[in-house]
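[1] Have a look; sequence and predicted model below, questions after that.
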Amino acid sequence: PEVRIDVVTIFPDYLAALDLSLVGKARRAGLLDLRVHDLRDWTTDRHRTVDDTPFGGGAGMVMRPDVWGRALDDLLPTAPDPAVRLVVPTPSGRVFTQRGAEELASAEHLVVACGRYEGIDARVVERYRAEGHPVDELSIGDYVLNGGEVAALVMVEAVGRLLPGVVGNPQSLVEESHGAAGLLEYPVYTKPPSWQGLEVPDVLLSGHHARIERWRRDRALERTARRRPDLVDALDAEALDARDREV
Ligand code: 6GU
């Protein structure tokens, strides 16, 4: 079941990176139908205008609802479909998380509307929501970017790697950071065992599977408690065993 993602932007070249790596591979494998569109294709004036000054005054420019309306009317189904979601990257959105990526990966079709300037006229989201289309206004974190393009790259990569058949080893999906355990990843090492006087922890060379698992769990807990106490607070009561509580 191929997933379709349409990205609409005034900077289509920004999305060129999606030809590369894992997402590019998913596209070539026919698992992901990714199409990048230039918003200016839906303008009607000679200057291909997409923005105008904000009502009420203030700095910057706002993207026009009429141009976005024509674009989204072309890309979204006429009748709302719960499997087709409008995604609007914005620093004013809910924070995009691994759970959010999983949610988007379960859709059949995403239309990602990248705003620039001070944002898109608020009536655009209002209208598609009122019509019953699922709309997600999502931020990738608490900092400000110039537009939604980099956030769209982040979202497409986070979603793309979850599509069935994209990651070679399914274990690598369940074991990683922000996976089922809700913890950060433990530190990893490879050859050589000694490098510039720094040694790989002995336990990892021991071949003792149970001890290795316990060591990794302890390091993941320790790291999460130090770096992301908010993640420890959010763990389910059953997520920690008696041995975990000693760390
Ligand atoms: Cl989704 N857009 C912009 N412009 N800035 C952001 C963001 C999105 N997420 C964090 N900062």
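    Ah, there it is. It should be emphasised that the depicted structure is a prediction, and the values quoted were computed from it without experimental measurement.
[2] which one in the chain is furthest away from the centre?
    If you look at how far each residue of the chain sits from its centre, by C-alpha atoms, centre = their mean, the farthest one is Gly197, at 38.8 Å.
[3] how about the residues of this structure near the ligand?
    89-91, 139-141, 143-145, 147-148, 151 (C-beta under 6 Å from any ligand atom). C-beta here means a position set from N, CA and C on the backbone, and glycine is covered the same way.
[4] Assign the residue nearest to Val8 when sequence neighbours are not counted to helix, strand or coil.
    Among residues not flanking Val8 along the chain, His37 sits closest, at 4.8 Å (C-beta to C-beta, 6 or more residues apart in numbering). Following DSSP: H, G, I helix; E, B strand; the rest coil, His37 is assigned to strand.
[5] and the two most separated of the residues of the chain next to the ligand?
    Distance extremes for the residues of the chain next to the ligand: the farthest pair is Gly141 and Gly147 at 14.8 Å, using C-beta to C-beta.
[6] which ones are touching Arg64?
    Residues near Arg64 by C-beta atoms under 8 Å, 6 or more residues apart in numbering: 49-52, 121.
[7] Check which helix or strand the residue nearest in space to the middle of the chain maps to.
    The centroid of the chain falls nearest to Met155 when counting by C-alpha atoms, centre = their mean (2.6 Å). Taking DSSP states H and E as the definition, Met155 sits inside helix 149-160.
[8] Over to Tyr143?
    Tyr143 belongs to no helix or strand, assigned by DSSP H and E.
[9] per-residue pLDDT, the residue farthest from the centre of the chain?
    The model reports Gly197 with a pLDDT of 98.
[10] how close does it sit to Leu204?
    Taking C-beta to C-beta, to the nearest Å as the measure, Gly197 falls 17 Å from Leu204.
[11] what do you get for Phe55?
    Distance of Phe55 to Leu204, computed by C-beta to C-beta: 61 Å.
[12] Kindly report the same for Arg40.
    Taking C-beta to C-beta, one finds Arg40 at 54 Å from Leu204.
[13] now do Arg70
    Arg70 is 58 Å from Leu204, by C-beta to C-beta.
[14] Repeat that for Ala210.
    Counting by C-beta to C-beta, the gap from Ala210 to Leu204 is 13 Å.
[15] Can you give the strand pairings for the longest strand along the chain, parallel or anti for each?
    Once the chain is assigned using DSSP state E, the strand that runs over the most residues is strand 84-95. Taking DSSP bridges as the criterion, strand 84-95 forms sheet pairs with strand 109-113 (parallel), strand 135-139 (parallel).
[16] following the first one, which helix or strand comes up?
    For strand 109-113, the following helix or strand on the C-terminal side (DSSP H and E) is helix 123-131.
[17] and that following helix, which residues are buried?
    124-125, 127-128 (16 or more other C-beta atoms under 10 Å).
[18] Could you point out which of these is nearest to the ligand?
    Set against the ligand, the nearest of the buried residues of helix 123-131 by C-beta to the nearest ligand atom is Val125 (13.3 Å).
[19] Much appreciated, bye for now.
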